[in-house]
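1. need a 3D model of the following:
(chains A, B, C and D)
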2 protein chains.
Amino acid sequence: MVNQTLVQEISQLEADFCFALSDPTRLLILYALADEPRNVTELTNDLSVIQPTISRHLKVLRERGLVYTVRQGTTVTYHLSDNRLIQALDLLRAVMRERLAYKASLMEETKASTNA
Amino acid sequence: MVNQTLVQEISQLEADFCFALSDPTRLLILYALADEPRNVTELTNDLSVIQPTISRHLKVLRERGLVYTVRQGTTVTYHLSDNRLIQALDLLRAVMRERLAYKASLMEETKASTNA
DNA sequence: TGTATTTATGCGTTTATGCGTATGAAAGCA
DNA sequence: TGCTTTCATACGCATAAACGCATAAATACA
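-> Numbering: from 1, shown residues only, chains lettered A, B, ... in the order given. The predicted structure follows:
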């Protein structure tokens, strides 16, 4: 039997970790960094998002350890911490795609029966 | 080259999907359903969370297709839609665990150098 | 039909999040 | 030392999320 409070704390930590994935700009940042490390200016240009917004999202990712930084002079290069993050996102995307396809098929059935 | 708007829309969808994972109660619900399907009352008892809160979290999961329902009389049994959701969560948890261990080791170093 | 059980939702309040603007801080260089 | 570039952050606002309480909706059954 596992301590009830401990289970809740772990769930809280994991939810906080997943929170980092719940914003489209942050996901685009992660995919970009998975391609190759980039500094803030490069991310700003590549994603067409203004710099303070990029920095704020990077802070969310950094605080939770999804990315890490390397300073080179005035530039700060961000790296993806672990490729398993992309693996996990790919799994989620696959599930999502199938769910959406299923929903779409239901819509088709509804349309058909409405026409009948 | 992929349409820029399309990429943003897919990221929005995926972020919305991940949003479902960003709450500790919803994670506990998913793990409970991975163990075995349960109805609302059972989830309420098992997680010690009041029924309206459970129902609202279930709605978030249901709308995004992470769970599906089977009605039996007055009770509604919830099922996990896809076990890859648990696989993805396990991956994330593993990454998180290593990141936390790393942070902890940094804390140890800091403590040591402070003492020196 | 009336009643009990199970689940979903409306409402009001509190808290959290995201964003744009402006500004601060750090590092390199003339 | 000043100037420039790069990145981080504070502030204020608008919006969204979470929760507790009360209540509605759906179903079964006497």
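2. what about the helices in chain A?
-> All helices of chain A, identified by DSSP state H, fall at A:4-19, A:24-35, A:40-47, A:51-63, A:84-115.
3. number of residues surrounding A:M107?
-> 10 (other CB atoms under 10 Å in any protein chain shown). Yep, even glycine has a C-beta here, placed from its N, CA and C like the rest.
4. from DNA strand C, how far out is it?
-> 19 Å (CB to the nearest atom of the strand, to the nearest Å).
5. so which of the helices of chain A is the most packed in?
-> Mean neighbour count (mean count of other CB atoms under 10 Å in any protein chain shown) peaks for helix A:24-35 among the helices of chain A, with a mean of 20.
6. elements contacting the helix or strand of chain A with the lowest mean pLDDT?
-> Here the helix or strand of chain A ranked lowest by mean pLDDT, DSSP states H and E is helix A:84-115, holding a mean of 85. Counting contacts by 3 or more CB pairs under 8 Å, 6 or more residues apart in numbering or on different chains; DSSP states H and E, helix A:84-115 is packed against helix A:24-35, helix B:4-19, helix B:84-115.
7. relative to helix A:4-19, how tilted is it?
-> 80 degrees (axes from the mean of the first three to the mean of the last three CA atoms, to 10 degrees).
8. how far is helix A:84-115 from where the chain is centred?
-> 19 Å (CA atoms, centre = their mean, to the nearest Å).
9. try stretch A:45-58
-> 15 Å.
10. C-alpha coordinates for it, CSV please?
-> The C-alpha coordinates for stretch A:45-58 follow below in CSV (Å, rounded to 0.1, in the frame of the first residue of the first chain):
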residue,chain,number,x,y,z
ASN,A,45,12.5,34.3,-35.9
ASP,A,46,11.7,30.6,-36.7
LEU,A,47,8.4,30.7,-34.9
SER,A,48,7.4,34.3,-35.6
VAL,A,49,6.7,35.0,-32.0
ILE,A,50,7.9,38.1,-30.2
GLN,A,51,10.9,37.7,-28.0
PRO,A,52,9.4,38.3,-24.5
THR,A,53,6.8,35.6,-25.2
ILE,A,54,9.5,33.2,-26.3
SER,A,55,11.5,33.9,-23.2
ARG,A,56,8.5,33.3,-21.0
HIS,A,57,7.7,30.0,-22.5
LEU,A,58,11.3,29.0,-22.3
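11. kind regards, and thank you for your time.
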